[in-house]
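K.L.:
Sequence first, predicted coordinates after that:
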Amino acid sequence: MEFLAGKDIPAAELKWVPIPFSGEWGTSTSFFQVAANEARAGKGQGIPVPQRAQQIAEQVKEFLAQQVGIGHIEATKGYLNFYFETATYAGRVVDSVLEQKNHFGAGLRTGSRVMVEFSHPNTHKAFHVGHLRGTILGDAICRILEFAGFDVVRANYPGDMGLHVIKWLWGYLKYHQDEQPAADITKWMGEIYAEASKRLEEDPDLETEVRAVYARWDQRDPEVVALWERTREWSLEGFRQMYAALDIRFDVYYFNSQEEKPGKEIVEELVRRGIATDERPQGGTVLVKIDEVLGLEKEKYRTAVILRSDETALYATEDLALVKHKFADYPDLEKSLYLVDVRQSLHFTQVFKILEIAGYEPAQKCSHIAYELVTLPGNVVVSSREGTVVLLEDLLREATARAQEEARKKNPSLTEEQLEKVAQAVGLGALKYPILARENTKLVTFDWKSALDFNGQAAPYIQYAHVRCNSILKRANVQTLEGWNVGFTYELHPAEIELIDMISRFPSEVQQAAAEYKPLVIASIAYEIARAFASFYDACPVIHAEPQVRDARLRLVAATQQALANALLLLGITAPEVM
RNA sequence: GCCCCUGUAGCUCAAUGGACAGAGCAGCAGCCUUCUAAGCUGUUGGUUGUGGGUUCGAAUCCCGCCAGGGGCGCCA
């Protein structure tokens, strides 16, 4: 550091990055910025920056080489690479995994609480692949945030009231009065919804009848309320089963039907305070001309309608109340996240902005995390109205059936009970992984072929690596790995080094995934660890190696298994013992 | 018209402003008397949509353009 200061090199400005993999570990920094600064200050002596950077790197290397306690250093292309001593580094990585076990990679508790709202299914509609993305993504984000050190509140906000529910009730009353649900309730309800939508499209005059049902709901007409309560429960039961099948849980449920009243009160308050414009006297709506209120010249937040002209509530009405409801329940929330598809970006911007204008400060802690849609081949949007849906239950059934068939073929020694479990783990994992391994902002096209492809970069590949680790440890008949005094004192195979390298990256990947709300980061490192292990498995015998090598490798295998298990857990994917 | 997202290998996707743009799939050539072949090894494949700019350095940041998708006063 003193040396650097003497050279006018600001040590604090040096960025340290991993060295591109070359069979050794180390950390590296470059002197391009230093050289560029020199050149700018006229001290560059006319030497091109890259060359000058290399000169500095060499000078620093010369100096450091005279110091004791520093191993292998290299100056190349303007970079200064410090290499760690292999045996020490490898041992430290493996030891820390085996010591920390299922906490390996976990962050320190931050003491700060974050709410993540996700899934928000609509009652009286089908639950299809389109809903799967937000649900799976939300679950993984919660798992990652929790592991990274946050206290997470998992919130669900089912749409149990709104025009779609009213439409369903209307369709039922008019065409299916007193009908009992079919065995598959969710599917049956979805069909009634699709039928109602179709009839309304064919004859727009029927709108008035639907509005009339909405009015009856608003006046709490006993027949409508009773029917709503009964049918709503059918849907909710369906959701409970669905979440159980997906291995997803929630801490708190909010229902938009509960936010109608408080929402309308907020609307009235906004009108009183002159923030909202009340056009009801002219037969219009209540709305907030946000840009106008803020005095913006260019349109940005636009205008938000917050109450219908017939005084029934919109989602906007209810969302205003929900923001407050959440902070009333959890006053210490540092963040309130809304994981909702990208089409609702403007809506949330408006809701949060309106509350901010009204002086409600927690609104600034709210943010919308947008994700893109799942479409069907040919850019067909999944729509319960159009009936272009792939139902989640069909998807789950297909995936597990396919996984079971595959498992039976690959490993005939499995018992029926084991097959069952493997099919669950593999089928579900195969569905989740492609969604999680993709940037949130990218469209996912669903097709059966790739959904049921279990090869290559997919969950089964990672699960298989975990199973192989397990298999080796079982065959080695290791009772415990505690207190082993073994190290990586032999010459490591490149595959071994890469595997250790990948494992060592896991903790920082967790932090990145949490900071950016990106399960993709975990999906990638999980795959990288599995891939490195597959090469290692092929190149490095464990059980039949010499005792000293065998023991070190057994510990590495155990560490790999642990790292894979931790990563899979964050993705909500089961790590099987056998498959 | 305004705003947002996307454009990387034949296909699906990666890549904190840093070293040679990487994987999978598909294709081609190999590997199972040795820890499960849902695997491994090798190989083919690139003007990162396009034109400028900033920078020592750009797939990445800024501006223009092209193409696709989404949103924009009573759907959610």
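P.N.:
It's in.
K.L.:
Can you tell me the SS state at A:Phe250?
P.N.:
A:Phe250 falls in the coil class when you classify it by DSSP: H, G, I helix; E, B strand; the rest coil.
K.L.:
So what does it have for phi and psi?
P.N.:
phi -130, psi 150 (degrees, to the nearest 10).
K.L.:
doesn't A:Tyr243 make contact with it?
P.N.:
Yes: here A:Phe250 reaches A:Tyr243: they are 7.4 Å apart, a contact under C-beta atoms under 8 Å. Bear in mind the C-beta positions are built from the backbone N, C-alpha and C, glycine included.
K.L.:
which stretches of the stretch 101-250 of chain A form strands?
P.N.:
Using DSSP state E, counting those that start in this stretch, the strands of the stretch 101-250 of chain A run over residues A:113-117, A:151-156.
K.L.:
what's the most buried one of those?
P.N.:
Mean neighbour count (mean count of other C-beta atoms under 10 Å) peaks for strand A:113-117 among these, with a mean of 22.
K.L.:
helices or strands up against that strand?
P.N.:
helix A:129-148, strand A:151-156, strand A:333-341 (3 or more C-beta pairs under 8 Å, 6 or more residues apart in numbering; DSSP states H and E).
K.L.:
now the shortest one against strand A:113-117, angle please.
P.N.:
Same thing as strand A:151-156. 20 degrees (axes from the mean of the first three to the mean of the last three C-alpha atoms, to 10 degrees).
K.L.:
pLDDT averaged over strand A:151-156 - what is it?
P.N.:
Throughout strand A:151-156, pLDDT has a mean value of 98.
K.L.:
Identify the contacts common to A:Phe250 and A:Tyr243.
P.N.:
Any residue near both A:Phe250 and A:Tyr243 by C-beta atoms under 8 Å, 6 or more residues apart in numbering counts here, and that gives A:Ser119.
K.L.:
How many residues are close by A:Lys449?
P.N.:
Using other C-beta atoms under 10 Å, A:Lys449 has 7 neighbouring residues.
K.L.:
swap in A:Gly483?
P.N.:
The number of residues packed near A:Gly483 is 5, by other C-beta under 10 Å.
K.L.:
for the one 4 residues further on, same thing?
P.N.:
Other residues within reach of A:Gly487, judged by other C-beta under 10 Å, total 17.
K.L.:
what's the closest non-adjacent residue to it?
P.N.:
In space, A:Gly487 comes closest to A:Gly91 once its chain neighbours are excluded; the distance is 4.8 Å by C-beta to C-beta, 6 or more residues apart in numbering.
K.L.:
surely the one you found meets A:Phe488?
P.N.:
Yes: between A:Gly91 and A:Phe488 there is a contact under C-beta under 8 Å: 5.7 Å.
K.L.:
neighbour count winner among these two?
P.N.:
Between A:Gly91 and A:Phe488, A:Phe488 has the larger neighbour count (other C-beta under 10 Å), namely 24 against 18.
K.L.:
Could you look up the SS state of that one?
P.N.:
coil.
K.L.:
List the contacts of it.
P.N.:
Contacts for A:Phe488 were tallied using C-beta under 8 Å, 6+ apart; they are A:Thr86, A:Ala87, A:Ala90, A:Gly91, A:Val94, A:Glu496, A:Ala552.
K.L.:
And for A:Ala321?
P.N.:
When contacts are counted by C-beta under 8 Å, 6+ apart, A:Ala321 touches A:Glu259, A:Pro262, A:Gly263, A:Glu265, A:Ile266.
K.L.:
Please state the offset of the helix or strand where it lies from the chain centre?
P.N.:
Secondary structure assignment for A:Ala321, by DSSP states H and E: helix A:315-329. Taking the mean of its C-alpha atoms, helix A:315-329 sits 24 Å from the chain's own mean (C-alpha atoms, centre = their mean, to the nearest Å).
K.L.:
what secondary structure does the residue of the stretch 351-500 of chain A found nearest RNA strand B sit in?
P.N.:
Closest residue of the stretch 351-500 of chain A to RNA strand B, C-beta to the nearest atom of the strand: A:Gly456 (2.4 Å). Three-state call for A:Gly456 (three-state DSSP): coil.
K.L.:
thinking again about what came up before, relative to A:Asp291, which of the strands of the stretch 101-250 of chain A is closest?
P.N.:
For A:Asp291, the closest of these is strand A:113-117, at 27.0 Å, according to C-beta to C-beta.
K.L.:
Now distance to A:Glu439 too, for the strands of the stretch 101-250 of chain A, in CSV please.
P.N.:
Listed next are the strands of the stretch 101-250 of chain A as CSV, based on distance: least, C-beta to C-beta, whole Å:
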stretch, distance to A:Glu439
strand A:113-117, 19
strand A:151-156, 22
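K.L.:
how about the ones you listed, which one is nearest A:Val426?
P.N.:
Here strand A:151-156 is closest among those (C-beta to C-beta), at 25.3 Å.
K.L.:
ok so, going back, from the contacts of A:Phe488, pick the one nearest RNA strand B.
P.N.:
Of all those, RNA strand B sits closest to A:Glu496, with 10.5 Å by C-beta to the nearest atom of the strand.
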